[in-house]
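Colleague: just coords:
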Ligand code: 13P
Ligand code: SF4
C-alpha cells in the first residue's frame, strides 16, 4: 500500500479530515480535504463533523482550530512549525500596550498566540481585516497587532488611524521592491497580486492586495494571461492547478516560508498513526480567545 492509500485508510479509521494552507508543499495540498487561506481554514475547522483534524499549516492555525472546536482532536504533523510573526508579541506586551491605551479596542491578526487572542476584542485575517476594522465605532481608538504591514494596509483602506505593533512576516519582507520591479519589467502585461503582509514599497506596486484565498478567486475575474504573485510561493501550486491556461510568475524566489514547508506526506501519516502532535489550549484562555475569533468569523468580507 502506498503512502496516500495508507493516509486515506487511517483517515477513515480515525474519522479525520486534512486541512492544508495554500502555502503547503504541493503533495500536502493535494492530499487535503480542504485547502485554503486562514479564514477559510478557521471556518472549515469550526464546522467539520470529523473527530480529528490534521492541520497542515503553522502552530497558530492549529491552535485556532483547537479553540473553535475544543471537542475535536487537532493534530499538527510538525510540532516545530511556528510563525515568527506570531511570536513577535506576547500576552505581557499586549497587556502593557492596553494599559497605555485603556479605551482602545484590540484587533488581533489571527497570526498570534492563543494568549494574545484572549486579550483581544476581535481577531481578523488578511481577508477580513478591512471589514472588521470598518465595523468598529468611529470614535474608538484601535490597537492592531502584530503585523504593521497588514495594519498599515487596513489604515489606508479604512482611513482609520490605528496604534500598530511593529511585527512583520520575515517571508514577505524578503519580497523586495527591486525584485518585483525586475519581474514586472520582464512581464510588462502581467497583473501584480500582492499579499497585504508585503512592505509598503511592494504594496504600492501591486494592482491588487489580496489574501491567498482572494488571489485564487480573483483569476477568473481578470482577462490577464500572466500574473505576478507577491506572496509565499506555495500558492502557485494551486493557481497552476486551477487555472492551467494562465501563467504565474513569482515576484521573488526568496518568498518561501520555512515553517510552512516542514510538513510532508510522511509526517501526515505519522501524525495519524501516533495521533501526534495534539494541540490543546487551556480552557480559561480558549474561552476568551474564542469570543474574538467568533466575532471575526461573523464578519464576512464583501
Ligand atoms: P492568508 O490568510 O492570506 O492565507 O495568509 C496567511 C499567512 O500566514 C500569510 O503569511
Ligand atoms: Fe508566518 Fe509569514 Fe510564514 Fe505566514 S508566511 S506563516 S506570516 S512566517
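Modeller: Yep, it's here. Since we're looking at a predicted model, the values are computed, not measured. Ligands and ions are numbered 1, 2, ... in the order given.
Colleague: Could you tell me how many residues sit around residue 87?
Modeller: Residue 87 has 15 neighbouring residues, counting by other C-beta atoms under 10 Å. (Each C-beta comes from the backbone N, C-alpha and C, glycine too.)
Colleague: can you tell me which residues contact residue 31?
Modeller: By C-beta atoms under 8 Å, 6 or more residues apart in numbering, residue 31 lies in contact with 4, 7, 18, 20, 265, 268.
Colleague: how does it look with 6 Å?
Modeller: Residues in contact with residue 31 (C-beta atoms under 6 Å, 6 or more residues apart in numbering) are residue 18.
Colleague: And it, how far from residue 231?
Modeller: The gap separating residue 31 from residue 231 is 22 Å, by C-beta to C-beta, to the nearest Å.
Colleague: and what of residue 213?
Modeller: From residue 213 across to residue 231, the span is 11 Å (C-beta to C-beta).
Colleague: and what of residue 180?
Modeller: 12 Å.
Colleague: now swap in residue 217 and tell me
Modeller: Noted for residue 217: a distance of 14 Å to residue 231, by C-beta to C-beta.
Colleague: With residue 266 instead?
Modeller: The value you get for residue 266 to residue 231, if C-beta to C-beta is used, is 26 Å.
Colleague: Could you check which of these two is surrounded by more residues?
Modeller: More crowded of residue 266 and residue 231, by other C-beta under 10 Å: residue 231, with 30 against 11.
Colleague: Please give me every residue in contact with that one.
Modeller: By C-beta under 6 Å, 6+ apart, the contact set of residue 231 is residue 195.
Colleague: Local confidence estimate at it?
Modeller: pLDDT recorded at residue 231 is 98.
Colleague: Show me what counts as buried in stretch 146-165.
Modeller: By 16 or more other C-beta atoms under 10 Å, the buried positions in stretch 146-165 come out as 146-155, 158, 160, 162, 164-165.
Colleague: and the residue of the stretch 1-150 of the chain nearest ligand 2?
Modeller: Of all residues in the stretch 1-150 of the chain, residue 83 sits closest to ligand 2, with a separation of 3.3 Å (C-beta to the nearest ligand atom).
Colleague: phi, psi of residue 53?
Modeller: phi -120, psi 120 (degrees, to the nearest 10).
Colleague: Count the neighbours of it for me.
Modeller: By the criterion of other C-beta under 10 Å, residue 53 has 27 neighbours.
Colleague: That one against residue 74, yeah?
Modeller: Yes: using C-beta atoms under 6 Å, residue 53 makes contact with residue 74 at a distance of 5.1 Å.
Colleague: Please enumerate the shared neighbours of those two.
Modeller: Counting by C-beta under 6 Å, 6+ apart, the contacts common to residue 53 and residue 74 are residue 65.
Colleague: Quick check: residue 23 is in a helix.
Modeller: No: counting by DSSP: H, G, I helix; E, B strand; the rest coil, residue 23 is located in no helix; its state is coil.
Colleague: May I ask you to confirm that it is in contact with residue 261?
Modeller: No: using C-beta under 6 Å, residue 23 is not in contact with residue 261; the gap is 8.0 Å.
Colleague: neighbour-wise, which of these two wins?
Modeller: A count of neighbours by other C-beta under 10 Å puts residue 23 above the other of residue 23 and residue 261, at 26 against 16.
Colleague: any idea how far ligand 1 is from the more buried one?
Modeller: 7 Å (C-beta to the nearest ligand atom, to the nearest Å).
Colleague: separation between that residue and residue 134?
Modeller: Following C-beta to C-beta, the distance that separates residue 23 from residue 134 is 27 Å.
Colleague: Quick one, grab the pLDDT at residue 301.
Modeller: The predicted local confidence for residue 301 is 59.
Colleague: In the helix or strand of the chain with the lowest mean pLDDT, which residues are buried?
Modeller: Sorting the helices and strands of the chain by mean pLDDT, DSSP states H and E puts helix 38-47 at the bottom, at a mean of 90. Neighbour counts over helix 38-47 (16+ other C-beta under 10 Å) mark 38, 39, 40, 41, 42, 43, 44, 45, 46 as buried.
Colleague: and what of stretch 291-301?
Modeller: Counting neighbours by 16+ other C-beta under 10 Å, the buried set in stretch 291-301 is 291, 292, 293, 295, 296, 297, 299, 301.
Colleague: Export those residues to TSV and append columns for distance to ligand 1 and secondary structure.
Modeller: Formatted as TSV, these follow (distance: C-beta to the nearest ligand atom, whole Å; DSSP: H, G, I helix; E, B strand; the rest coil):
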residue	distance to ligand 1	secondary structure
291	20	helix
292	16	helix
293	14	helix
295	17	helix
296	11	helix
297	13	helix
299	14	coil
301	11	coil
